[in-house]
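Participant: Output the structure for:
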Amino acid sequence: MVTGMPPDVPAARQIAEAVADPELPMLTVADLGILRDVTSENGHIVVTITPTYSGCPALREIARDLEYRLTRAGFG
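Facilitator: Numbers count the residues shown, from 1 in each chain. The predicted model follows:
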């Protein structure tokens, strides 16, 4: 990410929406409603996710995948 430039929220959202669910790889986190919001806060991308059910074991893996993909795309 270039310092001083506001993050490109639509581009970050597009990347986040494409992340597959690890338990149902034919569906994305957007398809399942896990991805709630992608915003910019203090020059950083903030992704809000919620589990499909309480105690969802895949939530950590999804969060790691989101962070990895966004960092790799320059949002780190």
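
Participant: Please state the backbone phi and psi of the nearest residue to D65 once chain neighbours are set aside?
Facilitator: Excluding its sequence neighbours, the residue lying closest to D65 (C-beta to C-beta, 6 or more residues apart in numbering) is V19, at 5.3 Å. C-betas here are computed from N, CA, C, even on glycine. Main-chain dihedrals, V19, degrees, to the nearest 10: phi -70, psi 130.

Participant: Might you report the residue contacts of V19?
Facilitator: Neighbouring residues of V19 by C-beta atoms under 8 Å, 6 or more residues apart in numbering: 28-29, 35, 62, 65-66, 69.

Participant: packing partners for the lengthiest helix in the chain?
Facilitator: In the chain, with assignment by DSSP state H, the single longest helix is helix 59-72. If contacts are counted by 3 or more C-beta pairs under 8 Å, 6 or more residues apart in numbering; DSSP states H and E, helix 59-72 sits against helix 9-17, strand 44-49.

Participant: Show me what stretch 21-40 is in contact with.
Facilitator: Stretch 21-40 is contacted from outside by 6-7, 9, 12-13, 16-20, 45-52, 58-59, 61-62, 65-66, using C-beta under 8 Å, 6+ apart.

Participant: again, 7 Å this time
Facilitator: Contacts of stretch 21-40 with the rest of the structure, by C-beta atoms under 7 Å, 6 or more residues apart in numbering, involve 6-7, 9, 12-13, 16-20, 45-52, 58, 61-62.
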